[in-house]
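Enquirer: Here is a sequence with its predicted model. Questions after.
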Number of protein chains: 2
Amino acid sequence: MSLNAVFEGVGSAVAADVRNAQATFTASLELTGTTECRGATGTSHRVVVDEPTSLGGTNTAANPLEYALAALGSCQLITYRFWADRLGIRFDKLSVEVEGDLDVRGFFGIDPNVRPGFGAVRVKLHIRGPEPRTRYEELQRAVDAHCPVFDALSRATPLQTSLQVD
Amino acid sequence: MSLNAVFEGVGSAVAADVRNAQATFTASLELTGTTECRGATGTSHRVVVDEPTSLGGTNTAANPLEYALAALGSCQLITYRFWADRLGIRFDKLSVEVEGDLDVRGFFGIDPNVRPGFGAVRVKLHIRGPEPRTRYEELQRAVDAHCPVFDALSRATPLQTSLQVD
């Protein structure tokens, strides 16, 4: 299935009223164990998160950092798919490996000069298909310019936290 | 179970050799449908990602942006748990709602001045327990200073992409 119909449908909707470009995504979770979290996304898909036993958890599921990397990798794959259709670039197979380096001194408060998040993230795409290399490089540039999670991580995202004491 | 033993274990390991502070988290995925992605994290937990039908997918699972928000929300919950133990702050119940606003003109290339990622993310924590409000506010400040995914999103994270044509 070509995704150009989605480009066209969204383009028409936004041309009719720019407010149609605004979307809000959500997720809700509760702490259900020592580190286990359970919840759902706004689209009603269940999510389970945990830590490995080395970090005090029960290893029921992937941990938050792994989900962040999976979000980035899958967002790259899907953005490749959308923009390949948009640019008329064919491919047969696409996969990704994502690695994120963390210095745990940040999280554990051992060194206030070490950031708690990733010091570096590497995203390695593998593509196979009938096009010349230059077309896949053109695709890569389009993807990195339009991938939402790539943008959210690589540039500062405005975040607000609030705490309600029940 | 208290997580102070994890703080102490990590602290000792890092004091013995600072290289013990370095960790690498990973995730690998393949595009298995129009927008469906399947894979696993380095800890061998399976991950499935998809888009809703309105975006050309089959709605098999949450989409990348929802996983990014779930990663952020669960990272906040777990960091609350760790730092509550560290600071000796008790609580009985903890949950979170995360909302992310996206202007789809960025992803679809309709307006190059609109960023593809979230324009704003709101993290709403709900806590219940026996401590005075000021202690929970102290906890919130500690969490926002040490939460890895909060840091990864709120500050620019160094990202590199590479593309291998097989």
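Expert: Right, received. Where do you want to start?

Enquirer: Going by C-alpha atoms from here, please, whenever you check contacts or count neighbours.
Expert: OK.

Enquirer: All the strands of chain A, in order from the start?
Expert: Per DSSP state E, chain A carries strands over the ranges A:22-31, A:37-41, A:46-49, A:93-103, A:118-128, A:159-165.

Enquirer: and the fourth one, what does it pack onto?
Expert: In terms of contacts (3 or more C-alpha pairs under 8 Å, 6 or more residues apart in numbering or on different chains; DSSP states H and E), strand A:93-103 is packed against helix A:64-87, strand A:118-128, strand B:22-31.

Enquirer: again, but for the first one
Expert: Based on contacts counted as 3+ C-alpha pairs under 8 Å, 6+ apart, the elements that strand A:22-31 packs against are strand A:37-41, helix B:64-87, strand B:93-103.

Enquirer: One more: the third one?
Expert: Here strand A:46-49 touches strand A:37-41, going by 3+ C-alpha pairs under 8 Å, 6+ apart.

Enquirer: can you put the helices and strands packed on strand A:93-103 in JSON lines and add mean pLDDT and distance to B:Phe7?
Expert: Listed next are the helices and strands packed on strand A:93-103 as JSON lines, based on pLDDT from 0 to 100; distance: least, C-alpha to C-alpha, whole Å:
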{"stretch": "helix A:64-87", "mean pLDDT": "98", "distance to B:Phe7": "18"}
{"stretch": "strand A:118-128", "mean pLDDT": "98", "distance to B:Phe7": "19"}
{"stretch": "strand B:22-31", "mean pLDDT": "98", "distance to B:Phe7": "15"}
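
Enquirer: of the ones you listed, which approaches B:Glu131 most closely?
Expert: With C-alpha to C-alpha as the criterion, B:Glu131 lies closest to helix A:64-87 of the helices and strands packed on strand A:93-103, at 27.1 Å.

Enquirer: is any part of that closest one close to chain B?
Expert: Yes - counting by C-alpha under 8 Å from any C-alpha of the partner chain, contacts between helix A:64-87 and chain B involve A:64-75, A:77-78, A:81.

Enquirer: try stretch A:138-146
Expert: Yes - using C-alpha under 8 Å from any C-alpha, stretch A:138-146 reaches chain B at A:140, A:145-146.

Enquirer: cool, and stretch A:150-157?
Expert: Yes - under the criterion of C-alpha under 8 Å from any C-alpha, chain B is reached by stretch A:150-157 at A:150-157.

Enquirer: quick check: mean pLDDT across that stretch?
Expert: In this model, stretch A:150-157 has a mean pLDDT of 98.

Enquirer: Off-centre distance for that stretch?
Expert: Averaging C-alpha positions (C-alpha atoms, centre = their mean, to the nearest Å) puts stretch A:150-157 10 Å from its chain's average.

Enquirer: send the alpha carbons of that stretch over as CSV?
Expert: Extracted in CSV, the C-alpha atoms of stretch A:150-157 (Å, rounded to 0.1, in the frame of the first residue of the first chain):
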residue,chain,number,x,y,z
PHE,A,150,14.6,12.1,15.9
ASP,A,151,13.6,15.8,16.2
ALA,A,152,12.2,15.4,19.8
LEU,A,153,15.5,13.9,21.0
SER,A,154,18.1,15.8,18.9
ARG,A,155,16.6,19.2,19.7
ALA,A,156,15.4,20.4,23.1
THR,A,157,11.7,19.6,23.6
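
Enquirer: what does that stretch contact?
Expert: Applying C-alpha atoms under 8 Å, 6 or more residues apart in numbering or on different chains, the contact partners of stretch A:150-157 are A:72, A:75-76, A:144-145, B:115-121, B:152-159.

Enquirer: same thing but at 7 Å, please
Expert: A:72, A:144, B:116-120, B:152-159 (C-alpha atoms under 7 Å, 6 or more residues apart in numbering or on different chains).

Enquirer: Same question for stretch A:67-78.
Expert: By C-alpha under 7 Å, 6+ apart, stretch A:67-78 touches A:96, A:98, A:143, A:147, A:149-150, B:26-27, B:29, B:31, B:35, B:37, B:49, B:64-65, B:67-68, B:71.

Enquirer: Generate a PyMOL selection restricted to the buried subset of those.
Expert: With 16 or more other C-alpha atoms under 10 Å in any protein chain shown as the criterion, this PyMOL line picks the buried residues out of those:
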select buried, (chain A and resi 96+98+143+147+149+150) or (chain B and resi 26+27+29+31+35+37+49+64+65+67+68+71)
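
Enquirer: before we move on, back to that, mind putting the strands of chain A in CSV, distance to B:Arg86 included?
Expert: As requested, the strands of chain A are exported to CSV (distance: least, C-alpha to C-alpha, whole Å):
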stretch, distance to B:Arg86
strand A:22-31, 17
strand A:37-41, 19
strand A:46-49, 21
strand A:93-103, 19
strand A:118-128, 22
strand A:159-165, 19
